[in-house]
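Colleague: Predicted coordinates and the sequence they were generated for:
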Amino acid sequence: MPKMTIRQHFEAPLEWVFDTLSDFENAARHVRGIDRMELLTPGAIGVGTRFRETRTMFGKQSSVEMEITAFDRLHGYTVEGTTCGSRYRAAYHLLSDIAGTHVRLEIETQPIHFLAKLVAPLACLMQGSMKKCLLNDLEDIQAVLATKVRS
């Protein structure tokens, strides 16, 4: 699957956006698409933090173990994992402006097993569904931030 980029603007301070996006402990409460989130490493969130995210996609529940591979407080972070025979990388980049915070999410997927490589050309057909799912996640984060702004 080719690289996919999603952009979203949040009318909230950079600190709030970063803290909400990186609040893995409460992710299942904040994002409707996440059924369960389990932190697998103790301590502060940062490089090396591992977690398991469970979602229902295409009518089937699926869990993926992920690890934070880059973490720059207030600027962004990257998570990586392996699922369905492919390795993926999701990088969140944040930039403050006078009206709030811009978020750019870059997703890269690379097939690593034979079957995944075989069906890779068809992965483009799923890209629209994946993008819609990620946009829904960001809309849920937007709703959480809107609640904070009103408080």
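Modeller: Nice, I can see it. Residues are numbered from 1 along each chain as shown.
Colleague: okay, CA-based contacts and neighbour counts for the rest of this
Modeller: Noted.
Colleague: before we move on, what SS does Ala28 have?
Modeller: helix (DSSP: H, G, I helix; E, B strand; the rest coil).
Colleague: out of everything not next to it in sequence, what's closest to it?
Modeller: Excluding the flanking residues, the one nearest Ala28 by Cα to Cα, 6 or more residues apart in numbering is Ile34, at 5.0 Å.
Colleague: May I have the beta-bridge partners of the one you found?
Modeller: Counting by DSSP bridges, Ile34 is bridged to Arg55.
Colleague: What of Gln110?
Modeller: With DSSP bridges as the rule, Gln110 is bridged to Arg87.
Colleague: just checking, it touches Tyr88?
Modeller: Yes. Contact criterion Cα atoms under 8 Å: Gln110 and Tyr88 qualify, at 6.2 Å.
Colleague: Just confirm the residue nearest to Ala28 contacts Met57, I think it does.
Modeller: No. If you go by Cα under 8 Å, Ile34 and Met57 don't touch, sitting 9.8 Å apart.
Colleague: Roughly how far does the nearest residue to Ala90 once chain neighbours are set aside sit from Glu15?
Modeller: Closest residue to Ala90 apart from its sequence neighbours, by Cα to Cα, 6+ apart: Ile107 at 4.5 Å. Using Cα to Cα, to the nearest Å, Ile107 is found at 23 Å from Glu15.
Colleague: Gly33 too?
Modeller: Applying Cα to Cα to Gly33 and Glu15 gives a distance of 23 Å.
Colleague: and the two? which has more neighbours close in?
Modeller: Using other Cα atoms under 10 Å as the criterion, Gly33 and Glu15 rank with Gly33 on top: 18 against 15.
Colleague: What confidence value was assigned to that one?
Modeller: Gly33 is assigned 92 on the pLDDT scale.
Colleague: before we move on, what about Gly85?
Modeller: 70.
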